[in-house]
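J.: Based on what follows, work out the 3D shape:
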Amino acid sequence: MAIITEVGYEEYFLVMWDILQECRRRRIPWLTRGSAADSLACYCLGISEVCPIRFDLYFRRFLNRERMALHKLPDIDVDFPHDRKDDVLDLIFDKYGPARTAVVGGFSTFQSRSAFAETAKVLGVSEFQVRRITERLPQFSRASDLAEAVAGAPECRDLPLDQEPWASALEMARFLDGFPRYRKMHPCGLVLSRQPMLELTPCFVSAKGYPTTHFDMDSVEAVGLVKMDILAQGGLAVMRDVMAEVHSPQFPLRPAPSEGIGPAPWDDPQVWEMIAGGNARAVHHIESPAMISLCKMCDVRDIDTLIAIVSVIRPGAANESKKMEFARRYLGLSPVRYPHPCLEPCLRSTYGLVVYEEHILQICEVFAGLPPGRADLLRRALGKEKSGLIAQLQAEFTECARRRGRTEAEIAEVWTLVAGFRGYAFCKAHSTAYGVEAYQSAWLKRYYPAQFMAAVLSNGKGFYHPLVYVLECHRLGISLLPPWVNDPGPQFTVREGKIRVPLLRVKGLTQRTAQAILRERGHGEFSSLPDFFLRLQPLAEEMEALIRVGAFDAFGQSRTTQYWQFKSLCAGRQAAAPASLQGLGWLFPPGNLDHLPSVPLAEPARLQRLRWEEELLGFPASGHPLELFPDIAWDTYCPVRRLGEHLGQQVLTCGLVIEQRLFHQTTGEPMKFLTLADWTGVVETELFARAYRACGLATIRYRVLEISAIVEPFESGGGYTLRVLRAGKPRKKSKSTPESIPRLPFPCLLS
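T.: So this is what the prediction gives:
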C-alpha cells in the first residue's frame with residue numbers, strides 16, 4: 001500500500017474497484033489477469049481472484065518505483081464474458097461521461113496477406129478469387145517476406161502465383177509493408193481523464209459509437225493516461241452459462257477473497273485424470289493441441305504445475321525445447337540444476353527453468369544486481385525481440401555481474417538462460433489466473449459434460465471449429481438433436497441428455513426472420529409447417545434451408561411433403577400479391593393443400609441430409625461427422641485408440657484433419673502439426689521439415705488424410721505422438737465383391 005500511495009495509484013485502484021462493484025450488482029462475472037493479480041491489495045479489494053500469498057506471486061512485476069520513473073505505467077487487465085464486454089464499456093461511459101472517457105485507438109497496418117489481397121483487388125481480381133488464394137498463403141506478418149515464404153510453402157505449389165496478375169500483386173505487396181491501412185479501436189484499452197480528453201489527444205467516433213483516441217497505446221501512455229484493459233473472453237461465458245443451467249453451489253464461479261485462503265478445491269482426482277489423459281478439449285486455456293500434449297507429457301496432477309504449463313507453452317518459455325525439458329525435470333527424468341546457487345529460490349518451483357516474466361527481473365536483481373528499471377527494460381526487449389536493445393543491455397548485465405564477483409563462465413551461462421526467454425510470455429500472476437480458471441472449467445466439463453459442451457457451442461469462442469466440439473460430444477456419448485421450430489434457441493440447450501442445435505444457427509436466416517421466430521414462438525408453439533409459414537412469412541430460400549436441416553420433421557411429414565406444402569403456400573402468397581406479380585402460381589391452386597402430388601417421391605438419403613446439415617450448420621447434427629465420408633476404407637487402417645499398442649513402430653492410420661498449424665524448427669525450416677480424428681479418437685501428429693516439404697500440399701488437399709508414421713511415446717508413459725513419414729490421399733472402399741476386397745493385417749503395421 002505504501003508503494004501504491006507513493007506512485008499515485010490509489011485513485012486508479014479505487015476506480016477499478018468501483019467499476020467491478022457495479023459489475024457485481026449487474027451479475028457480470030470477471031477475472032483479473034496479468035501482473036495486477038500479483039497485488040495483495042487487488043485480492044483484498046476483490047478485484048483479483050487468486051491469492052498472491054498462496055501462489056507466491058511477485059508484486060514488483062506489477063508495480064515498482066523504477067518502472068514508474070520510466071513512465072511505463074502498469075494497468076489492470078480484467079476479462080469479462082465476451083457477450084457482456086460492451087455492457088461494461090457502456091456502464092463506464094455512462095458513469096464518467098464521453099468527454100473524459102475514450103477507447104484507445106490506433107492504426108491497422110498492412111501485413112503480408114492484407115497487402116497482397118488489397119493489391120490484387122486493385123489489379124481487378126474479385127473478392128472471391130482473392131480469398132481462395134490468401135487462405136492458402138503462409139501466416140507471415142511482414143509483406144516483404146511473403147514472396148520468399150510462398151516459394152518455400154508446399155501448400156502453394158499448385159497456386160498460379162507465377163502468372164499475372166498474381167505475380168505483380170505479390171511483387172507490389174511488399175511496398176505496402178507496415179503502411180497504415182485504416183483507423184481502428186484497441187481491442188480492450190480504455191482511458192479515463194480528470195480533464196477533458198480532447199485536451200490530451202484528438203479523438204474520433206468509432207463504428208460502435210465510442211470516442212476513440214487517434215493516439216495509439218504507447219502515445220496515450222506518453223501523455224500520462226493510464227490504460228485499463230476491458231477484455232472479452234469466451235471461457236467465462238461458458239462457466240457462467242453452465243452454472244446458471246445446473247444451479248449448483250458446489251463450485252462457485254468466483255469465490256470471495258475470504259473463501260480462498262482455506263483449502264481450495266483443486267484436488268479432484270477425476271478432474272486431473274481428465275486433464276492428464278488429454279481429454280481437456282473445449283476447456284478454455286488448456287484445449288489447444290500443444291497444451292493437451294504438454295499436459296499428457298507431464299502427467300500433470302496439481303494446480304501449481306498446471307499454472308507453470310500455461311506459461312511454459314508460450315514462445316518465450318518454450319524456446320529451445322523447454323517444454324520437453326520441463327516435463328523431464330517435473331517427472332524426475334532429468335536432474336534439476338541451477339546455473340548459480342543464488343538462483344535456486346526464484347527458480348525452484350519451475351525446476352531451474354525460466355518460465356515466467358518475473359524470472360528475468362529476479363535473475364537480473366539477484367545474480368547481476370542490474371537496476372530494477374533496466375531489468376524491466378530487458379524483460380520488455382526480450383518480449384518484443386528487440387535485438388539491438390538486448391545487445392546493449394547484455395553489456396550492462398555483464399558489467400554489473402562482474403562487479404558482484406561473478407566469473408565469466410557463470411555470466412555466460414546465466415545470460416544464455418536469460419536470452420533464451422525471447423518472445424511473448426506470461427507473468428506468473430497471469431498464468432495463475434488462467435490456470436485456476438482452466439481447472440474450474442475442467443471440473444464443470446467432468447461433472448456436467450452435456451451442459452458444458454452446449455455452452456461451448458453456444459458461445460462459439462473456443463480454439464477449434466464447431467465440428468471438433470461435435471466430435472467431442474460424440475466421444476463423450478452425447479448426441480445432438482437437429483433444429484426444431486418449437487425449440488429455436490438462440491442457445492444450444494440440453495434436452496434429456498442430448499444437445500439441441502438452435503434453429504437460429506441455420507445459415508441464411510435474415511435478422512428479421514430470426515427475430516420473428518423468437519417473437520412468434522413466445523406467443524405459442526407452431527402447430528405445423530403452414531402455421532409457421534403463415535405466421536412468419538419467411539423468404540423462399542429461408543424455408544428451403546429450414547426444410548433441408550429438418551426443422552419441421554417433428555410434425556411427422558416427409559421432407560418431400562414438406563417441400564410441396566411450402567410450394568403450395570408460396571403459390572397462395574403469389575395469388576394474394578398485386579396484379580403485376582400474379583400469373584406465377586399456376587402450378588398449385590392458391591392455398592389448397594389437397595393438390596399435392598399423389599405419387600410417392602423419393603426422400604433424400606441419410607448421407608444427403610448430413611451434407612445439407614454440414615452446409616447449413618457447419619457440422620452434421622443428426623449423425624457422426626465421419627458419416628460424411630462413407631467411401632473411406634476405415635477398417636483397413638490402424639484405429640487411433642489402438643495406436644498406443646504399437647509404441648516405436650511404424651503404422652498406417654487415417655483421420656479427418658481437424659486442426660493444422662505451421663511452426664519453425666530450431667533450424668528455421670518450416671514444419672506442420674496436424675490433429676487427426678477417426679471413429680475411435682483424436683491424435684496429434686508432427687510433419688518435420690522433410691516430410692512437410694514432400695507432403696504439405698496433401699494436408700490441405702484432402703479433408704481425410706492417410707499417414708504413415710512412427711508412434712513416439714512420451715517419457716511419462718501418458719501418451720504419444722505420431723512422427724509422420726508420408727501423408728496422402730486415403731484409400732477408398734473397393735466396389736468389387738466383399739470376398740475380393742484386399743485387406744491389410746489389422747492393426748495396420750509397416751515394418
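
J.: Quick one: residues contacting the residue sitting nearest the centre point of the chain.
T.: Centroid-nearest residue in the chain, with C-alpha atoms, centre = their mean: residue 463, separated by 3.0 Å. Residues in contact with residue 463 (C-beta atoms under 8 Å, 6 or more residues apart in numbering) are 287-288. Quick note: C-beta positions are derived from backbone N, CA and C, even for glycine.

J.: Where does residue 23 sit, in terms of helix or strand?
T.: Per DSSP states H and E, residue 23 falls inside helix 10-25.

J.: Output the contacting helices and strands for that helix.
T.: Packing partners of helix 10-25 (3 or more C-beta pairs under 8 Å, 6 or more residues apart in numbering; DSSP states H and E): helix 40-45, strand 77-81, helix 85-96, strand 227-233.

J.: ok, residues contacting the third one?
T.: Same thing as helix 85-96. Contacts of helix 85-96 (C-beta under 8 Å, 6+ apart): 19, 22-23, 26, 28, 80, 101, 103, 190, 192, 208, 210, 230-232.

J.: least confident pick among the residues you listed?
T.: Lowest in pLDDT among the contacts of helix 85-96 is residue 208, which has 86.

J.: That residue and residue 106, how far apart?
T.: Distance, residue 208 to residue 106, by C-beta to C-beta, to the nearest Å: 15 Å.

J.: which of the two has more neighbours?
T.: residue 106 (20 against 10; other C-beta atoms under 10 Å).

J.: care to break the chain down by domain?
T.: 2-108+183-239, 111-178, 266-432, 466-606, 634-750 (automatic domain parsing).

J.: strands paired with the strand ranked longest in the chain, and their directions?
T.: Looking across the chain with DSSP state E, the single longest strand is strand 650-664. With DSSP bridges as the test, strand 650-664 is paired with strand 670-678 (antiparallel), strand 704-713 (antiparallel), strand 749-750 (antiparallel).

J.: Tell me which of the ones you listed sits most buried.
T.: strand 670-678 (a mean of 22; mean count of other C-beta atoms under 10 Å).

J.: Just the C-alpha atoms of that strand, please, in PDB.
T.: C-alpha atoms of strand 670-678 as PDB (Å, rounded to 0.1, in the frame of the first residue of the first chain):
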ATOM      1  CA  PRO A 670       9.000 -24.800 -41.700                       C
ATOM      2  CA  MET A 671       7.100 -27.800 -40.300                       C
ATOM      3  CA  LYS A 672       3.500 -28.600 -39.500                       C
ATOM      4  CA  PHE A 673       1.500 -30.000 -36.700                       C
ATOM      5  CA  LEU A 674      -1.800 -31.900 -37.600                       C
ATOM      6  CA  THR A 675      -4.600 -33.100 -35.400                       C
ATOM      7  CA  LEU A 676      -6.500 -36.100 -36.900                       C
ATOM      8  CA  ALA A 677      -9.700 -37.700 -35.800                       C
ATOM      9  CA  ASP A 678     -11.100 -41.100 -36.700                       C
END
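
J.: Parallel or antiparallel, list what pairs with the helix or strand following it.
T.: Note on strand 670-678: by DSSP H and E, the next helix or strand toward the C-terminus is strand 681-687. Using DSSP bridges, the strands paired with strand 681-687 are strand 670-678 (antiparallel), strand 720-728 (parallel).

J.: Centre of the chain to the helix or strand that comes right after strand 681-687, how far?
T.: Using DSSP H and E, the next helix or strand after strand 681-687 towards the C-terminus is helix 689-701. A distance of 25 Å separates the C-alpha centroid of helix 689-701 from that of its chain, computed with C-alpha atoms, centre = their mean, to the nearest Å.

J.: tell me what helix 689-701 is packed against?
T.: Short answer (3+ C-beta pairs under 8 Å, 6+ apart): helix 689-701 packs on strand 650-664, strand 670-678, strand 681-687, strand 720-728.

J.: That helix to strand 720-728, inter-axis angle?
T.: Counting by axes from the mean of the first three to the mean of the last three C-alpha atoms, to 10 degrees, helix 689-701 lies at 70 degrees to strand 720-728.

J.: can I have helix 689-701 written out in CSV, keeping just the CAs?
T.: The C-alpha trace of helix 689-701 is given here as CSV (Å, rounded to 0.1, in the frame of the first residue of the first chain):
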residue,chain,number,x,y,z
ALA,A,689,10.7,-30.3,-42.4
ARG,A,690,11.5,-33.1,-44.7
ALA,A,691,8.0,-34.7,-44.5
TYR,A,692,6.4,-31.3,-44.7
ARG,A,693,8.2,-30.4,-48.0
ALA,A,694,7.1,-33.7,-49.5
CYS,A,695,3.5,-33.9,-48.2
GLY,A,696,2.5,-30.4,-47.2
LEU,A,697,0.2,-30.0,-50.2
ALA,A,698,-1.7,-33.2,-49.3
THR,A,699,-2.5,-31.8,-45.9
ILE,A,700,-4.8,-29.1,-47.4
ARG,A,701,-5.9,-31.0,-50.5
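
J.: rewinding a little: and of the helices and strands packed on helix 10-25, who's closest to residue 505?
T.: Nearest to residue 505 among those is strand 77-81 (19.4 Å), distances taken as C-beta to C-beta.

J.: Just checking: what are the partner strands of that closest one?
T.: strand 31-33 (antiparallel), strand 227-233 (parallel).

J.: Please save the CA atoms from it in PDB.
T.: Extracted in PDB, the C-alpha atoms of strand 77-81 (Å, rounded to 0.1, in the frame of the first residue of the first chain):
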ATOM      1  CA  ASP A  77      -6.400  -6.200 -17.100                       C
ATOM      2  CA  VAL A  78      -9.800  -7.600 -16.500                       C
ATOM      3  CA  ASP A  79     -11.600 -10.300 -18.600                       C
ATOM      4  CA  PHE A  80     -15.400 -10.300 -18.900                       C
ATOM      5  CA  PRO A  81     -17.700 -12.700 -20.700                       C
END
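
J.: That'll do, ta.
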